[in-house]
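Chemist: predicted structure and sequence below. I'll ask about it afterward.
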Amino acid sequence: MFKELLSFFKGKNLIEEAFDESIKMLKYDYDMFMAVKKSLRERDTEEIDCDVYKHDKLINKYEREVRKKVMLNLSITGSTFLNAGLVLVSIVIDIERIGDYMKNIAELAKHHPLRLKAGIYEERIQKIEKIVEDKFPAVIKALQESDEVLAREKMDEHKEVSRTCDEILFSLIKEEDKSIRPSEAVTITLYTRYLKRINSHLTNIATSIVNPFHRIGFYTKVEETD
């Protein structure tokens, strides 16, 4: 999909500018993730190293710019960039939603100022955090280089993250760790749910690199073509 997009990049055009802005949006998401995770999981204060709400406003602004530039380009060039334009409009929705989850995590850090400790779930949550943390730069690289192998590698991590997040949720419901206080249980539940959704949106973006437009957001095996 993005090989086709990149093949059109002969000098600056509106689609190229929209693509560049999509990458900037995703980088803002990554910066926000690192900041809110550090605040919630490593600090005993609600201090966050970046202005999450300012970053979110910038992401929203870029989303509008991407839509406008895609529409203008299609109105000028017709169907020449139709496929690329549709892909960009699709993935910026996922990127914007990721920004919303960063605000949610920032709110958790504000209302749970002490460093969040996860009891028996600590090791599993750290593993999820690492997968999501590594997925941001990998997806950015895969987009910029139209790297289908890397994109599929990141897609393959999706089920593990979802399964682990659900296991933690169901275990919390059953109160399998009696040492966890109610406030911590609520925070862990919400945090793992947000991690699961962030991972899902990153996976959706990765699918745009290997899938045709109508299958963006769906896992496709190599041999599947329809």
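Modeler: Thanks, I have the structure now. Residues are numbered from 1 along each chain as shown.
Chemist: Lys196 contacts Cys165, correct?
Modeler: Yes. Assessed by Cβ atoms under 8 Å, Lys196 is found in contact with Cys165 at 4.0 Å. For glycine as for every other residue, the C-beta is placed from the backbone atoms N, C-alpha and C.
Chemist: assign Cys50 to helix, strand or coil.
Modeler: Following DSSP: H, G, I helix; E, B strand; the rest coil, we place Cys50 in the coil state.
Chemist: you'd agree it is up against Met32?
Modeler: Yes. Using Cβ under 8 Å, Cys50 is in contact with Met32, at 6.3 Å.
Chemist: of the two, which one has the most company?
Modeler: Met32 (26 against 17; other Cβ atoms under 10 Å).
Chemist: now do the phi/psi pair for that one.
Modeler: Main-chain dihedrals, Met32, degrees, to the nearest 10: phi -60, psi -40.
Chemist: do the same with Asp49
Modeler: When read as degrees, to the nearest 10, the backbone of Asp49 gives phi -80, psi 0.
Chemist: not counting sequence-adjacent ones, nearest residue to it?
Modeler: Ala35 (4.4 Å; Cβ to Cβ, 6 or more residues apart in numbering).
Chemist: what about the residue nearest the centre of the chain, helix or strand, and which?
Modeler: Taking Cα atoms, centre = their mean, the centroid of the chain lies closest to Leu202, which sits 3.8 Å from it. Per DSSP states H and E, Leu202 falls inside helix 182-210.
Chemist: quick one on the thing from earlier: now do the residue nearest to Asp49 against Ile205, distance only.
Modeler: Here the criterion is Cβ to Cβ, to the nearest Å. By it, Ala35 lies 20 Å from Ile205.
Chemist: those two: who's more crowded?
Modeler: With neighbours defined as other Cβ under 10 Å, Ala35 and Ile205 compare such that Ile205 has more, 28 against 21.
Chemist: wait, isn't that one in contact with Ile95?
Modeler: Yes. Using Cβ under 8 Å, Ile205 makes contact with Ile95 at a distance of 7.0 Å.
Chemist: now the common contact residues for the two.
Modeler: Leu26 (Cβ atoms under 8 Å, 6 or more residues apart in numbering).
Chemist: where in the protein is the helix or strand with the lowest mean pLDDT?
Modeler: Counting by mean pLDDT, DSSP states H and E, the chain has its least confident helix or strand at helix 2-7, which shows a mean of 51.
Chemist: so what's the residue nearest to Ile105 when sequence neighbours are not counted up against?
Modeler: What sits nearest to Ile105 in space, not counting adjacent residues and going by Cβ to Cβ, 6+ apart, is Val36, at 4.2 Å. The contact partners of Val36, taken as Cβ under 8 Å, 6+ apart, are Ile48, Val52, Met102, Ile105, Ala106, Ala109.
Chemist: can you tell me the helix or strand for the third one?
Modeler: Met102 is part of helix 82-111 when elements are defined by DSSP H and E.
Chemist: buried stuff in that helix?
Modeler: Within helix 82-111, the residues scored as buried using 16 or more other Cβ atoms under 10 Å are 84-99, 101-102, 104-106, 108-109.
Chemist: so after the strand or helix carrying Leu26, what's the next helix or strand?
Modeler: Following DSSP H and E, one finds Leu26 within helix 14-42. Per DSSP H and E, the first helix or strand lying C-terminal to helix 14-42 is helix 52-77.
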